[in-house]
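Peer 1: Give me a model of this one.
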Amino acid sequence: MGTKRHVLVDGRGVPLSLVVTGANRHDVTQLEAVLDRVVINRPPVTEASPQHLCADKGYTGTPARAAMEQRHYTPHVKSRGEETAEKRTIPGYRARRWVVEACHSWLNRFRKLLVRFEKTDRAYEALVHLACAIIAWRRVGIIYG
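Peer 2: Presented below is the predicted three-dimensional model:
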């Protein structure tokens, strides 16, 4: 059976939350689990400093928006076409979708994760968590080291 990694990352692509499911599960069904499993304390959310959450078109809909807003995020859900159009029309605009793709790419560089050979789901999920911890350690070391 195939697996899917549902990841929440910060603005630099550092993984903050991870849920591993079967490949037949849609992303939006795991939204609440991913948002609830953030491994660090979030800064206080105020009107002056809201926390924005960028998501792709798969997270459109009232239940997904409600899940994001209940957790005090300001949702920004855009399709790939919308970001491409904004990139063409707004000078200096940077697409935000790439940070999650970068995280998945970094995870795929761990050869043990690229092709799953583990017999148990727990063993595979533990390896993915270890890879996320290594990625976070490396990225924080680049910034603060």
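Peer 1: Buried residues of the biggest helix by length in the chain, list them for me.
Peer 2: When the chain is parsed with DSSP state H, its longest helix is helix 121-144. Of the residues in helix 121-144, Tyr124, Glu125, Leu127, Val128, Ala131, Cys132, Ile135, Ala136, Arg139 count as buried by neighbour count, 16 or more other Cβ atoms under 10 Å. (Glycine included, C-beta is placed from N, CA and C.)
Peer 1: try stretch 55-66
Peer 2: Within stretch 55-66, judged by 16+ other Cβ under 10 Å, the buried ones are Ala55, Asp56, Tyr59, Ala64.
Peer 1: who's Cys54 bridged to?
Peer 2: Beta bridges link Cys54 to His76 when assigned by DSSP bridges.
Peer 1: can you pull the buried residues of the lowest-mean-pLDDT helix or strand in the chain?
Peer 2: Counting by mean pLDDT, DSSP states H and E, the chain has its least confident helix or strand at helix 80-89, which shows a mean of 74. For helix 80-89, the neighbour count (16+ other Cβ under 10 Å) marks Glu83 as buried.
Peer 1: helices or strands next to the very next helix or strand once past it in the packing?
Peer 2: Sequence order places helix 98-108 as the next helix or strand after helix 80-89, per DSSP states H and E. Where contact means 3 or more Cβ pairs under 8 Å, 6 or more residues apart in numbering; DSSP states H and E, helix 98-108 is packed against strand 3-9, helix 121-144.
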